[in-house]
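Asks: What would the 3D arrangement of this be:
(one chain, ligands or ions: 1)
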Amino acid sequence: MKLHHVIEAQQFDPATLAELFQVTEEMEGVVADGGVLDYQKRVMATLFYEPSTRTRFSFETAMHRLGGRVISTENAAEFSSVAKGETLEDTIRIMNAYSDVIVLRHQEVGAAKRAAAVSRIPVINAGDGVGQHPTQALLDLYTIRKEIGAIEGLRIAMVGDLAQGRTVRSLAYLLSKYRDVKIHFVAPPLLKMKQDILDHLREHHVWFTEETELEKVLPEVDVVYQTRIQKERFGDRSADYERCRGVYVINQASLRLMKPNAIVMHPLPRLDEITMEVDEDPRAAYFRQAQNGLYVRMALLTMALG
Ligand code: CP
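Replies: Numbers count the residues shown, from 1 in each chain. Sure, this is the predicted structure:
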């Protein structure tokens, strides 16, 4: 099955997800064997207008592992002709002449869709402001499947900055495609999950609750999906940030409340919302989750490049 643009989590149907995860398992094998695939004639362009560690490096490593080539700007706003006033659309038209696939991270919601509208080659959304981060949600789903064994019947708590968190938005869309999933949204009143996602879940008959107390849900869930309170998204609302920061922390006491086979996930980077001592617990899955990003992105690139 060939993928073209990867813009939003809703575009994936269960059959495509099943195929993606099958290819991802094959990619795990390629990496484990130290192999390199046959994409040496293909070029991936990474255009990042916002900072990144995991997404950019895992996409670039993925392309190298496939045997392909990479052209990259890690700070497109400063180091590309955008600094001279070039539009996103013109930048994308130009990258169409130089590359076979574009991975784009941008600060504006809808930027990936705008890019795709003028692009002949696949555009992959690597995060568009507070909009979506579909490839993160794909690796999150792959991690849940691998760690818990199934997605059907899952009970998950999404915790922290849900209003401004693009990863939880994309993950909620993907989870709505599976049966018997129960979601607890745990956030302070200022950072509650937005109405469009709640409406989507209602339309798709997905059970969810909205909570403010983390301790209440910890014993109930299979996955605790912790997120960072994102200072950079508050702009001049620093008083709101101060009111929300540090409100939910996963620590030893949290682990004691969790089921023995539940896991802690986090898209990373983390600040103080998961204490370092948690890293030693086998239920801390966030570094394994980040590693899965490499395999999932290898699979996405093979499906996009054909
Ligand atoms: N999870 C994630 O998107 O991390 P980066 O911002 O480091 O890419």
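Asks: since we're on Gln136, how many residues are nearby?
Replies: A count of nearby residues for Gln136, using other Cβ atoms under 10 Å, gives 26. All C-beta atoms are positioned from the backbone trio N, CA, C, and that covers glycine.
Asks: which helices and strands does the host helix or strand of it pack with?
Replies: If you go by DSSP states H and E, Gln136 is part of helix 134-148. Counting contacts by 3 or more Cβ pairs under 8 Å, 6 or more residues apart in numbering; DSSP states H and E, helix 134-148 packs against helix 14-32, strand 123-128, helix 166-175, strand 223-226, strand 263-265, helix 286-305.
Asks: who wins for proximity to Arg42 among these?
Replies: helix 286-305 (5.4 Å; Cβ to Cβ).
Asks: and the angle from that closest one to helix 134-148?
Replies: Helix 286-305 and helix 134-148 are oriented at 120 degrees to each other (axes from the mean of the first three to the mean of the last three Cα atoms, to 10 degrees).
Asks: Pull out the buried residues from helix 286-305.
Replies: 286, 289-290, 292-305 (16 or more other Cβ atoms under 10 Å).
Asks: Just give the nearest non-adjacent residue to the residue of the stretch 201-306 of the chain found nearest the ligand, would you?
Replies: As assessed by Cβ to the nearest ligand atom, the ligand sits closest to Pro267 within the stretch 201-306 of the chain, at 3.8 Å. Computed as Cβ to Cβ, 6 or more residues apart in numbering, the closest residue to Pro267 that is not its neighbour in sequence is Thr167, at 4.3 Å.
Asks: which residues touch the one you found?
Replies: By Cβ atoms under 8 Å, 6 or more residues apart in numbering, the contact set of Thr167 is 133, 136-137, 140, 227, 267.
Asks: Let me see the ranges of the strands in this structure.
Replies: Along the chain, counting by DSSP state E, strands occupy 43-48, 69-73, 101-106, 123-128, 155-159, 182-186, 207-211, 223-226, 263-265.
Asks: quick check: angle from the second one to strand 43-48?
Replies: Put simply, strand 69-73 runs at 20 degrees to strand 43-48, going by the same axes, to 10 degrees.
Asks: Can you check what angle separates strand 69-73 from strand 101-106?
Replies: Per the same axes, to 10 degrees, the angle that strand 69-73 makes with strand 101-106 is 20 degrees.
Asks: do the fourth one as well
Replies: Between strand 123-128 and strand 101-106, the angle formed by their directions is 20 degrees, by the same axes, to 10 degrees.
Asks: got the residues of the stretch 51-200 of the chain near the ligand?
Replies: 52-55, 127, 133, 136 (Cβ under 6 Å from any ligand atom).
Asks: can you do 5 Å?
Replies: 52-55 (Cβ under 5 Å from any ligand atom).
Asks: Now the buried members of these.
Replies: By neighbour count, with 16+ other Cβ under 10 Å, those hold 52, 54-55 as buried.
Asks: near the ligand, which residues of the stretch 201-306 of the chain?
Replies: Residues of the stretch 201-306 of the chain lying close to the ligand by Cβ under 5 Å from any ligand atom are Pro267.
Asks: can you list the domains in the protein?
Replies: Here the domain assignment for the chain is 9-132+292-305, 134-290, based on automatic domain parsing.
Asks: quick one: the longest one to chain centroid distance?
Replies: Read it as domain 134-290. With Cα atoms, centre = their mean, to the nearest Å as the basis, domain 134-290 stands 12 Å off its chain's centre.
Asks: Use 35 as the first number for this chain going forward.
Replies: All right, first residue 35 from here; so that's domain 168-324.
Asks: what's the first-to-last distance across that domain?
Replies: Terminal residues of domain 168-324 lie 14 Å apart, using Cα to Cα, to the nearest Å.
Asks: out of the contacts of Thr201, who's nearest Arg99?
Replies: Using Cβ to Cβ, Gln170 comes nearest to Arg99 of the contacts of Thr201, at 19.0 Å.
Asks: Correct me if wrong: that closest one contacts Met299.
Replies: No. Counting by Cβ atoms under 8 Å, Gln170 stays clear of Met299, with 10.7 Å between them.
Asks: What are the buried residues along stretch 216-231?
Replies: In terms of neighbour count (16+ other Cβ under 10 Å), stretch 216-231 has its buried residues at 216-222, 224-225, 227-228, 231.
Asks: ends of it, how far apart?
Replies: Where stretch 216-231 begins and where it ends lie 14 Å apart, using Cα to Cα.
Asks: re the thing from before, tell me which two in the contacts of Thr201 are the farthest apart.
Replies: Of all pairs in the contacts of Thr201, the most separated under Cβ to Cβ is Ala171 and Thr261 at 12.5 Å.
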